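J.: can you look at this prediction? I've put the sequence above it.
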Amino acid sequence: MCVGLSARVVKVQDDTVIVDASGAKRSVSSMLLDDLQPGDYVMVHAGAAIARITEEDVPESEGLLEGFLKLN
């Protein structure tokens, strides 16, 4: 099973972006997505931003992940 984390784009640098995922900042590849801007929300998996999501999607995705973690 693959799990992605929602994150907010903080800074754009060429083909990478700095994202903030619940306070943890990290650099991820942005090569799969066009025109990311600071403030955009993305789904991150395996070191890459794989999809642009909306701010409204964030609580749902975090809730699903939290529920999954409680099961294990």
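T.: Cool, got the structure. Numbers count the residues shown, from 1 in each chain.

J.: so how many other residues sit close to Glu55?
T.: By the criterion of other C-beta atoms under 10 Å, Glu55 has 11 neighbours. All C-beta atoms are positioned from the backbone trio N, CA, C, and that covers glycine.

J.: break down the protein into its helices, ranges please.
T.: 57-71 (DSSP state H).

J.: so how far is the longest strand belonging to the chain from its chain's centroid?
T.: In the chain, with assignment by DSSP state E, the single longest strand is strand 5-13. Mean C-alpha position of strand 5-13 versus that of the full chain (C-alpha atoms, centre = their mean, to the nearest Å) differs by 6 Å.

J.: which other helices and strands contact that strand?
T.: strand 16-21, strand 24-29, strand 41-45, strand 48-53, helix 57-71 (3 or more C-beta pairs under 8 Å, 6 or more residues apart in numbering; DSSP states H and E).

J.: for Asp35, which of these is the nearest?
T.: For the helices and strands packed on strand 5-13, proximity to Asp35 was assessed by C-beta to C-beta; strand 48-53 is nearest, at 9.2 Å.

J.: direction-wise, compare the closest one with strand 24-29 and give the angle.
T.: Using axes from the mean of the first three to the mean of the last three C-alpha atoms, to 10 degrees, the direction of strand 48-53 lies 100 degrees away from that of strand 24-29.

J.: mind giving me the packing neighbours of strand 48-53?
T.: Packing partners of strand 48-53 (3+ C-beta pairs under 8 Å, 6+ apart): strand 5-13, strand 24-29, strand 41-45.
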